[in-house]
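Student: Pasting the sequence and the predicted model now:
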Amino acid sequence: MVSTGSRSDKRIDILHVSEAYGGGVQSAVNTYIRHTPELRHQLFIRGRLAHHNGEENPVESFHVEGSIYRFMASAARHINETNPHVVHLHSSYAGLLRGLPGIKANFVYSPHCFSFYRSDFHRLLRALYYCTEQLLSQRTQTIAAISPHEAGIAARMTRRGSVRYLPNISGSHATGAAVRLKAMEVDGGPAIVCVGRISKQKDPEFLAECLQFVDSPIRCVWVGDGDVRLRKALEQAGVFVTGWVSSETAQKYIAEADLFLHTAEWEGAPITLVDAAAIGVPVIVRSIQHLEGLGFTGGGRTPIELAATVNKFLLDENFRNDVAACTRETAAVHSSTAQRRALLALYKASDRVG
């Protein structure tokens, strides 16, 4: 059984395996570790330097460089040699370990957004990802979904496994702060902040088009970096791009904003959203199915619809209060207590699977 206190068993309680360690996955895993200090965690990762968010790994870590094939073989060998109580797989490539022969483990799998949602892939490749996920979901396991939408998709695919909702929480030290409604800035206009990798997923071109229809003077900041062409599109739309910064600096940019705007085309459950909620910044998101059930205010499915919502937020005090109330309620749901309770139940149940 997974330990809940001191014992002579020296096995690792939870082995976290990730081929794409960095960004939101890194932040999520770090919160899992911090909120279950009585468990013995270990990391087996293939990090991506460009995705690293500046956070230190809080536990013993094994890093693998080289190809994905080398990573998979090394991970399988490490699992068999260490025999952890639970192996928690993070994201799609690590999830493939569920299908490798010769591995006997109690698997927890967190997709952190299923790969078959990626519209930047050809539809045939997306179909292959979907079939692969559906096939691997037939193995006895626990799928730990990070959003209600992801939980629903997982439940429809799995037969022999179980599905549990594992809410993301903020990595900000400002958790518990009340959502404040900052006075609208006179000099330069209100500040809008967006956070994330400049990529097709986060859809900065959607934001650039949206800003064309925002009537009031604003200041817009994108915290992050990425694709050169998409960054240029942001800058041409008048958006200030910070480049890569530490998590602490990103949270400072969020705290200075009047509105957190999220324009992603597909998602899991971004920690930056709950960061903003915890810090106290009202949040409006593009209306996509992946974010349904998280409690944030949906702003519309098109750039014009989102711009209309932003205009309403800037001009209508009652609507600002409504957005703030939704954000405040979401911050309360995505709490440390809720995540800790979910983690302990998840790992306890998973250790009984095998």
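Tutor: On my side now, so go ahead.
Student: buried set for the one helix or strand residue 29 maps to?
Tutor: Element membership of residue 29, judged by DSSP states H and E, is helix 23-34. Across helix 23-34, burial judged by 16 or more other Cβ atoms under 10 Å covers 23, 24, 25, 26, 27, 28, 29, 30, 31, 32, 33. C-beta here means a position set from N, CA and C on the backbone, and glycine is covered the same way.
Student: what does stretch 326-342 give?
Tutor: Buried-residue list, stretch 326-342, by 16+ other Cβ under 10 Å: 326, 327, 328, 330, 331, 334, 335, 338, 339, 340, 342.
Student: ends of it, how far apart?
Tutor: End-to-end distance for stretch 326-342, by Cα to Cα, to the nearest Å: 23 Å.
Student: Tell me how far it lies from the chain's centre.
Tutor: Relative to its chain's centre, stretch 326-342 lies at 15 Å (Cα atoms, centre = their mean, to the nearest Å).
Student: what does it contact?
Tutor: Stretch 326-342 is touched from outside by 31-32, 35-36, 164-170, 175, 178-179, 273-274, 276-278, 281-283, 294-297, with contacts defined as Cβ atoms under 8 Å, 6 or more residues apart in numbering.
Student: give me that answer again for 10 Å
Tutor: Under the criterion Cβ atoms under 10 Å, 6 or more residues apart in numbering, residues 28, 31-32, 34-37, 144, 164-170, 175-179, 260, 269, 271, 273-284, 294-298 lie in contact with stretch 326-342.
Student: Poorly predicted segments of the stretch 101-250 of the chain, please.
Tutor: Residues of the stretch 101-250 of the chain meeting the criterion pLDDT under 70: 172-188.
Student: Show me where the protein has its helices.
Tutor: Under the criterion DSSP state H, helices of the chain are mapped to 23-34, 68-82, 92-95, 123-136, 148-157, 204-211, 228-236, 247-255, 271-279, 303-315, 317-333, 336-350.
Student: which of the contacts of stretch 326-342 count as buried?
Tutor: The neighbour-count criterion (16+ other Cβ under 10 Å) marks 28, 31-32, 35-36, 144, 164-170, 175, 177, 179, 260, 269, 271, 273-284, 294-298 among those as buried.
Student: Please tell me the pLDDT value assigned to the spatially most central residue of the chain.
Tutor: By Cα atoms, centre = their mean, the chain has its centre lying nearest to residue 270, at 3.6 Å. Looking at residue 270, its pLDDT reads 84.
Student: Give me the distance between it and residue 207.
Tutor: As judged by Cβ to Cβ, to the nearest Å, residue 270 and residue 207 stand 15 Å apart.
Student: All the strands of the stretch 151-300 of the chain, in order from the start?
Tutor: With DSSP state E, counting those that start in this stretch, the ranges of strands along the stretch 151-300 of the chain come out as 162-165, 191-195, 219-223, 240-241, 259-262, 283-285, 297-298.
Student: would you list these in JSON lines and tack on distance to residue 106?
Tutor: Converted to JSON lines, the strands of the stretch 151-300 of the chain look like this (distance: least, Cβ to Cβ, whole Å):
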{"stretch": "strand 162-165", "distance to residue 106": "12"}
{"stretch": "strand 191-195", "distance to residue 106": "35"}
{"stretch": "strand 219-223", "distance to residue 106": "38"}
{"stretch": "strand 240-241", "distance to residue 106": "43"}
{"stretch": "strand 259-262", "distance to residue 106": "35"}
{"stretch": "strand 283-285", "distance to residue 106": "35"}
{"stretch": "strand 297-298", "distance to residue 106": "37"}
